[in-house]
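Enquirer: take this sequence and fold it.
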Amino acid sequence: MTTIINGAHIAQRIRAQVAAEVAASAGTVPGLATVLVGDDPASAVYVAAKRRAILQAGMRDFHRHLPQHATQDDVAAVLDQLVADPEVSGILLQLPLPRHLDAAGLIDHIPAAKDVDGLTTASLGLLARDEPGLRPCTPSGVVELLDAEGIPLQGANVAIVGWGNLVGRPLTHLLLRRGATVSVAHEFTTDLTTVTRAADIIVVATGVRGLIGPEHVRPGAVVIDVGIHRTPAGLAGDVRSDELHGIAGRITPVPGGVGPMTIAMLLVNTLHAARWDADRTAIAA
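Expert: Numbers count the residues shown, from 1 in each chain. Okay, the predicted model is just below:
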């Protein structure tokens, strides 16, 4: 038997808890600023979902939409305005940006204290040094999902397939902090099957549709599929899930697995950012 991990259900519990904490708070209501540049349809859908989640959690929505032809200075100016706004607890610059923009340079306009995506150089440095900070949403969502399922991390052998800045690299740090033994496979790995079949947990975040199949998974392993691809038949992941039923012990679906966890952790980060800001303000006073 293969158990399907219901990420949507787990995420809803987290979102409800955040909403309850916001409602019970006597302080300033947290606010998230989303910045969308251009008219990419997928990005527009993602931002709309994040904005709905923020409002449903009782937080404030500060949205900025810039045209496709916005310059580096245009986007930087908007980010700087949001950084200076005390009502904005967190800032999210939706990726990918139009090709003429330097995403890394713009992301680093966001201070670590408002970096709810956890992607700035400063935030990733805090993660690498195991210091307090806001962690990237999708990797945090993967860890929360595993915890919710009662899957032990300490002492577990984990294979991460994909070494990207958004998932693979930060997730490696998060899992090492939890006592897991982590192996990382990437485009230069010569024998992917050897890496993945030794793992108790496999996390796949490559952007390659259907990369992982039965040959990569030992019986009973947990498989977490972070990939998402739009196909004529619907959404698909980096894992050939249908082929793993009866082999994997547990597996996340696409959609309904990791995706909802990403938004849930965005709410958690926004709440944390607001609280940390309130604590700093109280100390300064």
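
Enquirer: mind listing the helices for this structure?
Expert: Listed in chain order, the helices of the chain (DSSP state H) span residues 7-24, 41-56, 72-84, 103-107, 121-128, 137-148, 168-177, 192-197, 258-284.

Enquirer: which one of those helices is the most hemmed in?
Expert: Using mean count of other CB atoms under 10 Å, the stretch among the helices of the chain with the greatest mean number of neighbours is helix 137-148 (a mean of 23). The C-beta positions use only the backbone N, C-alpha and C, and glycine is treated the same way.

Enquirer: return the distance of that one from the chain's centre.
Expert: 8 Å (CA atoms, centre = their mean, to the nearest Å).

Enquirer: point out where the protein drops to low pLDDT.
Expert: Using pLDDT under 70 as the threshold, the predicted model of the chain has low-confidence ranges 280-285.

Enquirer: reformat the helices of the chain as CSV; add distance to Ala248.
Expert: CSV is the format used below for the helices of the chain (distance: least, CB to CB, whole Å):
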stretch, distance to Ala248
helix 7-24, 15
helix 41-56, 28
helix 72-84, 42
helix 103-107, 35
helix 121-128, 29
helix 137-148, 14
helix 168-177, 19
helix 192-197, 11
helix 258-284, 15
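
Enquirer: which one of the ones you listed lies closest to Ala159?
Expert: helix 192-197 (4.7 Å; CB to CB).

Enquirer: could I get that closest one in PDB with only the CA atoms?
Expert: Written as PDB, here are the backbone C-alpha positions of helix 192-197 (Å, rounded to 0.1, in the frame of the first residue of the first chain):
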ATOM      1  CA  LEU A 192      21.200   8.700  -9.900                       C
ATOM      2  CA  THR A 193      19.600   5.400  -9.000                       C
ATOM      3  CA  THR A 194      22.400   4.500  -6.600                       C
ATOM      4  CA  VAL A 195      21.900   7.800  -4.700                       C
ATOM      5  CA  THR A 196      18.100   7.600  -4.500                       C
ATOM      6  CA  ARG A 197      17.600   3.800  -3.800                       C
END
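
Enquirer: hmm, who's touching that helix?
Expert: Residues outside helix 192-197 that contact it (CB atoms under 8 Å, 6 or more residues apart in numbering) are 159, 161, 183, 185, 189, 202, 212, 215-218.

Enquirer: now, of those, which are buried?
Expert: Listed as buried from the contacts of helix 192-197 are 159, 161, 183, 185, 202, 212, 216-217; burial here means 16 or more other CB atoms under 10 Å.

Enquirer: could you single out the nearest of the residues you listed to His65?
Expert: Proximity to His65 was ranked across these by CB to CB; first place goes to Val161, at 34.7 Å.

Enquirer: so what's the closest one bridging to?
Expert: Ala185, Val204 (DSSP bridges).

Enquirer: wait, it touches Gly207, no?
Expert: No. The pair formed by Val161 and Gly207 falls short of the contact definition of CB atoms under 8 Å, at 10.8 Å.

Enquirer: mutual contacts of these two, please.
Expert: Common neighbours of Val161 and Gly207 are listed as Asp238 (criterion: CB under 8 Å, 6+ apart).

Enquirer: show me the contacts for Arg135.
Expert: Under the criterion of CB under 8 Å, 6+ apart, the neighbours of Arg135 are 118, 123, 127, 170, 174, 265, 269.

Enquirer: change it to 10 Å
Expert: Residues touching Arg135, when contacts are defined by CB atoms under 10 Å, 6 or more residues apart in numbering, comprise 115-118, 123-124, 126-127, 141, 143, 170-171, 173-174, 265, 268-269, 272.

Enquirer: what distance do you get for it to Asp147?
Expert: Counting by CB to CB, to the nearest Å, the gap from Arg135 to Asp147 is 14 Å.

Enquirer: same question, Leu126
Expert: Here the distance between Leu126 and Asp147 works out to 21 Å (CB to CB).

Enquirer: please consider this matter closed, and thank you.
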